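S.K.: quick one, structure for this:
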Amino acid sequence: MKNVFIKQTNCITPLGFDVASNWNAIQNLQTGISLHEQFGAFSNIYASCIPNSKIKENFQQIEKSVDDFSRIEQLLISVMKPIIDSNGIQPKTALILSTTKGNISALENNDLQSAFLSQLAKKIANYFQFQTEPIIVSNACVSGVMALSVAKRMLQMQVFETAYVVAVDEVTEFVVSGFNSFQAMSDEPCKPYDASRKGVNLGEAAAVVFVDTKPENALVEIIGDANINDANHISGPSRTGEGLFLSVQSALKEANITTDKIDAISLHGTATLYNDEMEAIALNRLQMQQIPAQSMKGYFGHTLGTSGLLETVLLIESMQKNTLIVSKGFENLGVSQPIQITTEIAKKDIKYALKTASGFGGCNSAIVLKK
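M.R.: Just a heads-up that it's a prediction; the model follows:
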């Protein structure tokens, strides 16, 4: 079985248009979350949004015909181009797109065709001249981590030789209305795992990784992954953390390492009552409650199908820098079982790291990385 490596990464968020600027921002505990007094029909929404002017300014350096591309297409092309310029596209290079809603804003202009996820993927594939049919992973908020799993397995089965895994989601009125209907949104910046947490802030971002089977110049190796559904509820996770417990357990088994080898954990950490509680229970069941853990939602908000990939990109940077990421917004533990939430920037040799994600419909994903 071939080994699979992540060779290069990139991301775009309100905090910056590359990995370095985003890393520096979170080291300074900056956040992209701000108050939007009016967002469509909604008022006083806390969200992490990328200014349209910055997206357009960046995209104009790549493509002069800005009006031929939607905002979400501009984000995808902008985040992918530097990585593709460095690594190229071969006949058996895959494009794997992770998103929950894609170009859903096209519906506001009665453009039904452009709202299909397949159309978004095909337009990006055609723009960069991929020779393979693009693959779409749209499985709620585990999509980004699951897309890495798909890439890993496709390369191991030799269906493809290399892959670009890319993720994107926007904050739109449609998305805001959906989360608002669940009464899951916080009226202040989110506080994952904190006793006073009130819910999520939504965010938008784009992220990409280049995946290969050649170890030269690799950042990390993907040594284990798993995706398991607890089938508990359409929107609520299993109260016992069963799906997450089994996902992490299975990923560690494939990685052939024990829990004590993991040096850092990047959790989903939405700051909702049930998600954070479930994760704490799952970590204790796994006897991983003493391992440094954090959520990045305090910096970027919940970026939906992009969250898993974006947070993996910055977890890889954390591994490269041997520096733990502070879980912004956390002050006092608000879950029933102990977990080791990182509250201060600290140096640590991070050889093995775990990334988890959980989503609507009971889906749970885990991936183990080795530096």
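S.K.: where are the low-confidence patches of the stretch 151-300 of the chain?
M.R.: For the stretch 151-300 of the chain, no stretch is flagged by pLDDT under 70.
S.K.: so Ile350 sits right up against Ile325, yeah?
M.R.: No. At 10.2 Å, Ile350 and Ile325 do not qualify as touching, with contact defined as C-beta atoms under 8 Å. C-beta: built from backbone N, CA, C; applies to glycine.
S.K.: so which of those two has more stuff around it?
M.R.: In this view Ile350 and Ile325 are compared by other C-beta atoms under 10 Å, and Ile325 has more residues nearby, 25 against 22.
S.K.: quick check: the more buried one vs Ala353, distance?
M.R.: Relative to Ala353, Ile325 is positioned 11 Å away (C-beta to C-beta, to the nearest Å).
S.K.: same deal with Gly305?
M.R.: To Ala353, Gly305 is 21 Å away according to C-beta to C-beta.
S.K.: which one of the two has more residues nearby?
M.R.: Per other C-beta under 10 Å, whichever of Gly305 and Ala353 has more neighbours is Gly305, with 29 against 23.
S.K.: do you know how far the more buried one is from Lys92?
M.R.: 25 Å.
S.K.: that older thread, got any residues that touch both of Ile350 and Ile325?
M.R.: Common contacts of Ile350 and Ile325 (C-beta atoms under 8 Å, 6 or more residues apart in numbering): Ala264, Ser318.
S.K.: quick one: mean pLDDT over stretch 53-71.
M.R.: What stretch 53-71 shows for mean pLDDT is 93.
S.K.: swap in stretch 304-320?
M.R.: Stretch 304-320 comes out with an average pLDDT of 98.
S.K.: next one: that stretch to chain centre, how far?
M.R.: Here stretch 304-320 is found 6 Å from its chain centre; the criterion is C-alpha atoms, centre = their mean, to the nearest Å.
S.K.: how about that stretch: buried residues?
M.R.: Judged by neighbour count (16 or more other C-beta atoms under 10 Å), stretch 304-320 contains these buried residues: 304-319.
S.K.: residue for residue, what is the longest helix the chain has?
M.R.: Assignment by DSSP state H gives helix 71-87 as the longest helix of the chain.
S.K.: that helix packs against which elements?
M.R.: Applying 3 or more C-beta pairs under 8 Å, 6 or more residues apart in numbering; DSSP states H and E, one finds that helix 71-87 contacts strand 5-12, helix 52-59, helix 117-128, strand 162-169, strand 205-212.
S.K.: what is the second one packed up against?
M.R.: So the one you mean is helix 52-59. Here helix 52-59 touches helix 71-87, going by 3+ C-beta pairs under 8 Å, 6+ apart.
S.K.: let's see 10 Å
M.R.: If you count contacts as 3 or more C-beta pairs under 10 Å, 6 or more residues apart in numbering; DSSP states H and E, helix 52-59 packs onto strand 5-12, helix 71-87.
S.K.: could I get those as TSV with distance to Cys363 and mean neighbour count?
M.R.: Listed next are the helices and strands packed on helix 52-59 as TSV, based on distance: least, C-beta to C-beta, whole Å; neighbours: other C-beta atoms under 10 Å:
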stretch	distance to Cys363	mean neighbour count
strand 5-12	22	23
helix 71-87	23	19
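S.K.: which residues in the stretch 151-300 of the chain form helices?
M.R.: Along the stretch 151-300 of the chain, the segments classed as helices by DSSP state H, counting those that start in this stretch run 173-181, 242-255, 273-285, 297-300.
S.K.: perfect, that will be all.
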